[in-house]
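A.B. asks: Build the 3D model from these lines:
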Amino acid sequence: MKITVAHSPDSDDAFMFYGLASGAVSVDGIEVDQVLADIQTLNQAAFEGRYEVSAVSFNAYARLLDRYALLPHGASMGDKYGPILVSRKPDAAPGGSLAGLKIAVPGTLTSAFLTLQMYDPSFEYVVVPFDRIDEVVLAGEADAGLLIHEGQLTWAKQGLHKIVDLGEWWFERTGGLPLPLGGNIIRRDLGPDLMKKISRMLHDSIAYALANREAAVEYAQQFGRGLNRPDTDRFVGMYVNQLTLDYGERGRAALERFFSEAYEKGLIPQRVPVEFV
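C.D. replies: Sure thing, here's the model as predicted:
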């Protein structure tokens with residue numbers, strides 16, 4: 001059987017799937033085709049059920065429960081770091097208030113956008129491809145920009161100023177929980193047995209990459225959009241770690257808190273049980 005595994009064209013996601021890409025991890029009877037697309041595109045594709053397995057934002061998953069189940073590995077969580085809101089001016093948000101600001105965001109289904117709404121919903125926004133947000137802010141086309149992926153490491157070199165690191169904000173207000181950003185999901189119509197088999201295969205791919213870090217980082221660097229080797233290694237370490245291999249009690253608690261707060265604030269349409277394949 002051929003299945004498609006869709007994920008972002010980023011160094012951290014590429015690292016996770018190194019076991020599959022290198023051929024070191026495989027399962028008899030299952031052929032894997034990988035599709036790479038930005039997270040907003042993957043979120044939208046999931047509503048069509050286009051791919052058997054996909055990385056999505058947790059914000060999107062809150063609207064996909066009928067079609068997809070959550071895999072117990074592959075999560076991206078910011079452990080006292082995360083999406084960063086930046087501006088050209090150091091005083092763009094006096095007192096931290098976002099009122100009146102036009103903010104470039106990477107998509108309304110991203111968890112970064114949902115977290116920013118939790119932080120302060122009083123902003124205006126414009127959706128911009130994630131890898132152009134810094135350009136839009138520097139050009140003065142938006143007052144601020146919400147950076148995800150590698151932009152979290154490069155903003156200062158570009159002369160931008162931090163308004164808030166949403167991962168730090170979340171960590172402090174939740175008593176030390178990581179910020180849930182994205183996870184891997186699998187289509188329910190595959191059935192329990194096949195879902196479990198694919199889940200184990202993807203777990204083994206992540207475990208293989210972690211056990212063969214040097215080779216996996218070298219593979220992932222081609223997806224780093226200009227990051228050098230040390231920064232690629234650093235970025236991969238930020239988002240592929242023990243929480244990626246298994247949510248554990250801390251990861252589960254973080255996701256439960258995230259979904260609960262989002263629902264109570266009216267930002268997602270339903271309560272989301274944290275249940276895994």
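
A.B. asks: okay, now the domains of this structure?
C.D. replies: 2-78+180-264, 84-173 (automatic domain parsing).

A.B. asks: can those domains go into JSON lines with extra columns for distance to residue 271, mean pLDDT and mean neighbour count?
C.D. replies: No exception for glycine: its C-beta is placed from N, CA and C like everyone else's. As requested, the domains of the chain are arranged in JSON lines below (distance: least, CB to CB, whole Å; pLDDT from 0 to 100; neighbours: other CB atoms under 10 Å):
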{"stretch": "domain 2-78+180-264", "distance to residue 271": "5", "mean pLDDT": "94", "mean neighbour count": "19"}
{"stretch": "domain 84-173", "distance to residue 271": "15", "mean pLDDT": "93", "mean neighbour count": "19"}
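
A.B. asks: Select, out of the ones you listed, the one closest to residue 277.
C.D. replies: Closest of the domains of the chain to residue 277 is domain 2-78+180-264, at 4.9 Å (criterion: CB to CB).

A.B. asks: which residues in this protein form strands?
C.D. replies: Along the chain, the segments classed as strands by DSSP state E run 2-7, 31-36, 53-57, 68-70, 76-78, 84-87, 102-105, 124-127, 144-147, 161-165, 179-187.

A.B. asks: related to what we said a few turns ago, what's the closest of the domains of the chain to residue 275?
C.D. replies: The closest of those to residue 275 is domain 2-78+180-264. By CB to CB, the value is 6.7 Å.

A.B. asks: got the end-to-end distance for that closest one?
C.D. replies: Between the opening and closing residues of domain 2-78+180-264 there is a gap of 40 Å (CA to CA, to the nearest Å).

A.B. asks: would you turn the domains of the chain into JSON lines with distance to residue 270?
C.D. replies: Supplementary listing: the domains of the chain in JSON lines, determined by distance: least, CB to CB, whole Å:
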{"stretch": "domain 2-78+180-264", "distance to residue 270": "7"}
{"stretch": "domain 84-173", "distance to residue 270": "14"}
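
A.B. asks: Which among the strands of the chain is found nearest to residue 114?
C.D. replies: Distances from residue 114 to each of those were compared by CB to CB, and the smallest falls on strand 53-57, at 7.7 Å.

A.B. asks: partner strands of the closest one, parallel or antiparallel?
C.D. replies: Strand 53-57 sits in its sheet next to strand 2-7 (parallel), strand 179-187 (antiparallel), going by DSSP bridges.

A.B. asks: Let me know the angle separating the longest one from strand 161-165.
C.D. replies: Here strand 179-187 runs at 70 degrees with respect to strand 161-165, directions being taken by axes from the mean of the first three to the mean of the last three CA atoms, to 10 degrees.

A.B. asks: just how off-centre is strand 179-187 within its chain?
C.D. replies: Its chain's C-alpha centre lies 7 Å from the corresponding centre of strand 179-187 when counted by CA atoms, centre = their mean, to the nearest Å.

A.B. asks: before we move on, what about stretch 252-268?
C.D. replies: The offset between the C-alpha centroid of stretch 252-268 and the centroid of the whole chain comes to 16 Å, using CA atoms, centre = their mean.

A.B. asks: So which residues make contact with it?
C.D. replies: Stretch 252-268 is contacted from outside by 58-59, 62-63, 75, 77, 111, 114, 117-118, 121, 174, 177-180, 247, 270-272, 274, using CB atoms under 8 Å, 6 or more residues apart in numbering.

A.B. asks: Kindly recompute the last result at 7 Å.
C.D. replies: Residues lying outside stretch 252-268 but in contact with it, judged by CB atoms under 7 Å, 6 or more residues apart in numbering, are 58, 62, 77, 114, 117-118, 174, 177-178, 180, 247, 270-272, 274.

A.B. asks: rewinding a little: relative to residue 157, which of the strands paired with strand 53-57 is closest?
C.D. replies: Go through those one by one with CB to CB and the one that ends up closest to residue 157 is strand 179-187, at 22.8 Å.
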